[in-house]
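Asker: how does the following fold in three dimensions:
(2 chains)
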Amino acid sequence: KQEVTQIPAALSVPEGENLVLNCSFTDSAIYNLQWFRQDPGKGLTSLLLIQSSQREQTSGRLNASLDKSSGRSTLYIAASQPGDSATYLCANGANNLFFGTGTRLTVIP
Amino acid sequence: KAGVTQTPRYLIKTRGQQVTLSCSPISGHRSVSWYQQTPGQGLQFLFEYFSETQRNKGNFPGRFSGRQFSNSRSEMNVSTLELGDSALYLCASTRDQPATDTQYFGPGTRLTVL
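Answerer: Residues are numbered from 1 along each chain as shown, chains lettered A, B, ... in the order given. This next block holds a predicted model:
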């Protein structure tokens, strides 16, 4: 069974700081990798989807990379803002998604 | 275009009862996946339906079931509710494949079992 680990579990940073969230997989057969954010009590919003043949994807201040050899993905957030405060989840899978437990990010104004 | 909708948003039931949750996907999406989210276990995959057929199933007991209609709307049913079934139930729709296409999630149904 695919297991997904996210480190750190929680992170608090001052506004404007650049930060990196980490995601790792036990199954070396990494398929497409997706990053989501979840606001409290709400559903998930897709941020980035990295196809298995790609190494990274960028959207605005977000950049996600995928290293299949090590089974890791990182989400880089540049110039963090209070509105970035949320829980960030990564997910991977062949037919359905296995989710990590998430990193709860707090950006302090 | 309209997003994924889920009804009801909140539900309170007692042990032993059954419950039905509904999910309407984005227009044109044929795949609907269901997830259970709890503080202890995180997000866990329940099942996925595509063109009215269950295509994938997670590791949940048979009390959890679902179906999909010809208009792609999906329902999930939980029978003989247990306290541990209290969770946020999320559905997500995609055009075709959940693992290769972007998944769009609904706001969830918060189920509380007393």
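
Asker: please make it C-alpha for all contacts and neighbour counts, starting now.
Answerer: OK.

Asker: need the pLDDT of the closest residue in space to B:Thr14 that isn't next to it in sequence.
Answerer: Distances taken as Cα to Cα, 6 or more residues apart in numbering or on different chains place B:Leu114 nearest to B:Thr14, at 4.6 Å, with adjacent residues excluded. Here, the pLDDT recorded for B:Leu114 equals 96.

Asker: hmm, B:Leu114 is touching B:Leu81, no?
Answerer: No. Applying Cα atoms under 8 Å, one finds B:Leu114 not in contact with B:Leu81, separated by 9.3 Å.

Asker: mind checking which of those two has more residues around it?
Answerer: B:Leu81 (20 against 14; other Cα atoms under 10 Å in any protein chain shown).

Asker: now that one: how far from chain A?
Answerer: 22 Å (Cα to the nearest Cα, to the nearest Å).

Asker: ok, that residue - contacts?
Answerer: By Cα atoms under 8 Å, 6 or more residues apart in numbering or on different chains, the residues touching B:Leu81 are B:Lys13, B:Thr14, B:Arg15, B:Gly16, B:Gln17, B:Gln18, B:Val19, B:Val113.

Asker: B:Gln54 too?
Answerer: B:Phe47, B:Glu48, B:Arg67.

Asker: apply 10 Å and report the result again.
Answerer: With contacts defined as Cα atoms under 10 Å, 6 or more residues apart in numbering or on different chains, the neighbours of B:Gln54 are B:Ser31, B:Val32, B:Ser33, B:Phe47, B:Glu48, B:Ser65, B:Gly66, B:Arg67, B:Gln68.

Asker: for it, helix, strand, or coil?
Answerer: Of the three states, B:Gln54 takes strand under DSSP: H, G, I helix; E, B strand; the rest coil.

Asker: please, which helix or strand holds the closest residue to chain A within chain B?
Answerer: When scored by Cα to the nearest Cα, chain B has B:Pro107 as its residue closest to chain A, at 4.2 Å. If you go by DSSP states H and E, B:Pro107 is not part of any helix or strand.
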